[in-house]
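[1] just need the structure, nothing else, for what follows:
(2 chains)
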Amino acid sequence: AQSVTQLDSHVSVSEGTPVLLRCNYSSSYSPSLFWYVQHPNKGLQLLLKYTSAATLVKGINGFEAEFKKSETSFHLTKPSAHMSDAAEYFCVVSTGGFKTIFGAGTRLFVKA
Amino acid sequence: GAGVSQSPRYKVAKRGQDVALRCDPISGHVSLFWYQQALGQGPEFLTYFQNEAQLDKSGLPSDRFFAERPEGSVSTLKIQRTQQEDSAVYLCASSFGGWDNSPLHFGNGTRLTVT
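    Predicted coordinates:
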């Protein structure tokens, strides 16, 4: 069975400070892991994807995530938050095939 | 078009009515998914098509929900005798590959409100 837990429902940061959005997963097999972002009234957009190559994955807009098998984590980070980063972020796990499992989401607030 | 297109963008239905939600995936994409996203929740898997074959419909919440993709491109999600608990955003996504965990490309969704 596979599952994904996003540890924070809301995260608030000031513009220019680092962002950390936490995700833990459970999977019986080697997972593929994704982060998607959802801006208000817009479709979900892929930020980055891990598929067993490099454990540190770089995505769009300066985001990156590190796969840590020992901790079953795939946390999303960004060195410096921008106002435009305010959105809902979803961690997603898939073990091949089609049953992609989404986390409940973390809403990121960025203060000026 | 360049992306996944869903219509209508908004749908209001009276309880008991039938609704049909349409998804136009990216041309050439093999895989098509439907998700249901309740307010404040992450998307939940409903069903998956590989070309015209519906390979998994285990996420459909009841037999009132039916999906088809007869020619392997456009898909329709039909909900019969809508109930208030069906109110949600219905998301369609497509991907190029079948079993290779290709990234999903999402439409903007259809927001269904059942009154």
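[2] might you report the residue contacts of the residue nearest the centre of chain B?
    Residue closest to the mean C-alpha point of chain B, counted by Cα atoms, centre = their mean, is residue B:34 at 3.2 Å. Listed by Cβ atoms under 8 Å, 6 or more residues apart in numbering or on different chains, the contact set of residue B:34 reads B:23, B:46-48, B:67, B:75, B:77, B:90-92. Yep, even glycine has a C-beta here, placed from its N, CA and C like the rest.
[3] for chain B, what lies in contact range of chain A?
    B:3-4, B:31, B:33, B:35, B:40-45, B:48, B:50, B:55-56, B:58, B:91, B:93, B:99, B:101, B:103-109 (Cβ under 8 Å from any Cβ of the partner chain).
[4] can you say which of the residues you listed are buried?
    Among the residues of chain B next to chain A, those classed as buried by 16 or more other Cβ atoms under 10 Å in any protein chain shown are B:4, B:31, B:33, B:35, B:42-45, B:48, B:50, B:56, B:91, B:93, B:101, B:103-109.
[5] from the residues you listed, which land in strands?
    Members of those lying in strands (criterion: DSSP state E): B:31, B:33, B:35, B:44-45, B:48, B:50, B:56, B:91, B:93, B:105-106.
[6] count of neighbours near residue B:17?
    14 (other Cβ atoms under 10 Å in any protein chain shown).
[7] contacting residues around the nearest residue to it once chain neighbours are set aside?
    Once flanking residues are discounted, residue B:17 sits nearest to residue B:82: 5.5 Å by Cβ to Cβ, 6 or more residues apart in numbering or on different chains. Contact analysis of residue B:82 by Cβ under 8 Å, 6+ apart lists B:13-19, B:64, B:112, B:114.
[8] re earlier: mind putting the ones in strands among the buried ones among the residues of chain B next to chain A in CSV, pLDDT included?
    Listed next are these as CSV, based on pLDDT from 0 to 100:
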residue, pLDDT
B:31, 92
B:33, 94
B:35, 95
B:44, 93
B:45, 91
B:48, 92
B:50, 92
B:56, 90
B:91, 96
B:93, 94
B:105, 91
B:106, 93
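[9] give me the below-cutoff pLDDT ranges for chain B.
    Within chain B, the stretches with pLDDT under 70 are B:1, B:98-101.
[10] CA atoms of stretch B:9-28 as CSV?
    What follows is stretch B:9-28, C-alpha atoms only, in CSV (Å, rounded to 0.1, in the frame of the first residue of the first chain):
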residue,chain,number,x,y,z
ARG,B,9,-15.8,25.3,-16.0
TYR,B,10,-18.7,25.6,-13.6
LYS,B,11,-21.8,23.5,-13.3
VAL,B,12,-24.7,23.9,-10.9
ALA,B,13,-27.1,21.0,-10.7
LYS,B,14,-30.2,20.4,-8.6
ARG,B,15,-30.1,17.2,-6.6
GLY,B,16,-31.3,14.3,-8.7
GLN,B,17,-30.2,15.7,-12.0
ASP,B,18,-27.7,14.0,-14.3
VAL,B,19,-24.5,15.8,-15.3
ALA,B,20,-21.8,15.2,-17.9
LEU,B,21,-18.3,16.6,-17.6
ARG,B,22,-16.0,16.7,-20.6
CYS,B,23,-12.2,16.4,-20.8
ASP,B,24,-10.1,17.0,-23.9
PRO,B,25,-6.6,15.7,-23.2
ILE,B,26,-3.4,16.7,-24.9
SER,B,27,-3.3,15.2,-28.3
GLY,B,28,-1.4,11.9,-28.4
